[in-house]
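# Structure, please.
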Amino acid sequence: MKRKIICVSVILISCIFAVGCGKKVIKNETSVAAVKEEPITAASTEELSKTMSVFTEAPNKNSSIKIEYPSFTGDHSKELNTLVLDKVKSFAEIDTSVFSADTALTVDYQSAVTLLNSKMVSIIFWGSSYTEGSAYPVSNLFTLNVDLQTMKEITLKDLYKTDADFEKVFFEKAFFPTDPITSYDEASFPDMLKLQSPEYQTVDPFSIADNIIVFLKPDGVVFSVPAIHATGSDHLEAQLKYSDIQKFYLLQQNYWED
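Numbers count the residues shown, from 1 in each chain. Sure, this is the predicted structure:
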């Protein structure tokens, strides 16, 4: 009888222990599962901010260089500043295949950041340049659009499909951009834009690779097209609303939306 009681007691203790252990294991598994299901929070990023600097490094003693440009602090600022400075330095180079290395080069450019958010920074440089021996000074406009996720430069061909339908919309709906740079006054803008149309151009300006450059603003994209020097400028700027050309947009994300 004692033997039976002892056996029953051992069995009961074993069962309690087994159940207890079983509960403990289940509890641990539930805890692990909860950790796995927890959303992963992105690492905190420091918002980009900018200050304006001036580049004055001349290629030789005969030259004068003054190029305004933005310097950034914050997330990805090191890579971004390298891209900006490389672009700026290219403006101060002399083409030694055409001119001698000691040729006087004069460059005077302003700069502005026209769009800055978590996806994109859009920068423009504009002003005059003159290379000794050239017929006259040239008014220039350059852009630098950088995807802040990939740190790659973005151009018109990355953004839009510029087919015949696109061009039709461009010449119908483009308007005077007002700021930060306009090459002509608002009154002459319609006539200057018309000069870029197929009616007056023997070569379609959209058909030449990298002939048209763009910069982004919060309220639209600005196209800079080469113009005839005799008309008073070497480039023409025309703006379109994003909504007017959305159907030609090639990317999934809208760079202008933060």
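# Tell me where this protein has helices.
Secondary structure of the chain (DSSP state H): helices located at 2-37, 77-91, 156-159, 164-173, 189-194.
# For the shortest one, buried residues please.
Just to be clear, that refers to helix 156-159. 156, 159 (16 or more other C-beta atoms under 10 Å). C-beta coordinates here come from the backbone N, C-alpha and C atoms, glycine included.
# can you list contacts of it?
162, 209, 210, 212, 213, 214, 221, 223, 249, 250, 251, 255 (C-beta atoms under 8 Å, 6 or more residues apart in numbering).
# avg pLDDT for that helix?
Average pLDDT, helix 156-159: 96.
# Could you do the longest one as well?
Regarding helix 2-37, the rounded mean pLDDT is 39.
# rewinding a little: which of the contacts of helix 156-159 sit farthest apart?
Between any two of these, the greatest separation by C-beta to C-beta is 21.4 Å, found for 209 and 255.
# where does the residue lying closest to residue 105 once chain neighbours are set aside fall, phi/psi-wise?
Spatially, and ignoring its direct neighbours in sequence, residue 105 is nearest to residue 63 (4.3 Å; C-beta to C-beta, 6 or more residues apart in numbering). Main-chain dihedrals, residue 63, degrees, to the nearest 10: phi -100, psi 160.
# coming back round to it: which of residue 209 and residue 255 has more residues huddled nearby?
In terms of neighbours (other C-beta atoms under 10 Å), residue 255 is the more surrounded of residue 209 and residue 255; the figures are 22 against 8.
# ok now do the more buried one, which residues does it touch?
When contacts are counted by C-beta under 8 Å, 6+ apart, residue 255 touches 115, 117, 119, 120, 145, 147, 154, 159, 216.
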